[in-house]
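Trainee: Could you work out the structure for the sequence below:
(one chain, ligands or ions: 1)
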Amino acid sequence: MLNDFNEMRDVLQSANLRITMNRLEVLNILRKADKELTVLDILYTNEIANKKLSSSAVYQVLKHFEQMGIVSKFKINGEQALYCLKQENKNLRIYCQHCGHIEHFHDDVEFELKRLMQERSAVSLKLVLQKSRCTQCI
Ligand SMILES: [Zn+2]
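Mentor: Numbers count the residues shown, from 1 in each chain. Have a look, this model is predicted:
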């Protein structure tokens, strides 16, 4: 538990963010999640110790995290935004339109995309491929 705390403190400090209970709480939920989460997912997780955490507080924390490059945010077809911790080589996703399952994948094409990004001075890469059904829902 102490190691967890130290790790989270390091993440916040290296992003120049002050350590607050709300930030620790949201960060803890995101790092334990095995999928992207919506704000509602975060609010209604059982992990949450601070029952007073409001949705606006969570939005605020996520906004700062996104600005500082800790989380990546993306939306599919106008649904609620999804958040996850930013990870190297995890920018490519396949989204199942039937059950909403999201699979991350890694492919050489990502290197090519990153090269293109540099060439065109692009700052972020969010690529979501969509399919009508996946192995989870068949
Ligand atoms: Zn599916």
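Trainee: hey, let's count contacts and neighbours off CA atoms from now on
Mentor: Noted.
Trainee: Show me what counts as buried in the helix-or-strand element of the chain with minimal mean pLDDT.
Mentor: In the chain, the helix or strand scored least confidently by mean pLDDT, DSSP states H and E is strand 102-105, which has a mean of 82. For strand 102-105, the neighbour count (16 or more other Cα atoms under 10 Å) marks residue 102 as buried.
Trainee: same deal with stretch 105-117?
Mentor: residue 110.
Trainee: any residues touching stretch 57-66, and which ones?
Mentor: Contacts to stretch 57-66, defined as Cα atoms under 8 Å, 6 or more residues apart in numbering, come from residues 22, 23, 26, 39, 42, 43, 71, 72, 73, 83.
Trainee: Apologies, that question was intended for stretch 123-132.
Mentor: Taking Cα under 8 Å, 6+ apart as the rule, stretch 123-132 contacts 74, 76, 91, 92, 93, 94, 95, 96, 97, 98, 114, 117.
Trainee: Over to stretch 70-87?
Mentor: 11, 15, 30-31, 35-39, 62, 65-66, 69, 126, 128.
Trainee: pLDDT check: weakest of these?
Mentor: Among the contacts of stretch 70-87, residue 126 carries the lowest pLDDT, at 74.
Trainee: Count the neighbours of that one for me.
Mentor: By other Cα atoms under 10 Å, 13 other residues sit near residue 126.
Trainee: Much appreciated, bye for now.
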